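Enquirer: sequence? don't have it. structure:
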């Protein structure tokens, strides 16, 4: 059986925690920040976790953690 290939884009965007949750960076922080309030930008700095259904898909794309 050959080794499974990892989706490199997924590896760059997500991280699996010790407890098995999938951690992600929040969206809307890339550009056009001048029209966003300081409060909104501050909240976007925090990372969040994927929903269980999406996390399952992501884990399948990165088979070796």
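Expert: Perfect, thanks for sending it. All figures in this text were calculated on a predicted structure; none of them were measured in a lab. Residues are numbered from 1 along each chain as shown.
Enquirer: buried ones in the longest helix anywhere in the chain?
Expert: For the chain, the helix that runs over the most residues, judged by DSSP state H, is helix 52-61. Within helix 52-61, the residues that qualify as buried are 55, 58-59, counting by 16 or more other Cβ atoms under 10 Å. Yep, even glycine has a C-beta here, placed from its N, CA and C like the rest.
Enquirer: okay if I get these as a markdown table plus distance to residue 48 and pLDDT?
Expert: Below are these laid out as a markdown table (distance: Cβ to Cβ, whole Å; pLDDT from 0 to 100):
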| residue | distance to residue 48 | pLDDT |
| --- | --- | --- |
| 55 | 12 | 97 |
| 58 | 13 | 97 |
| 59 | 17 | 96 |
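Enquirer: closest one to residue 33 out of these, please.
Expert: For residue 33, the closest of the buried residues of helix 52-61 turns out to be residue 58, at 26.7 Å, with distances computed as Cβ to Cβ.
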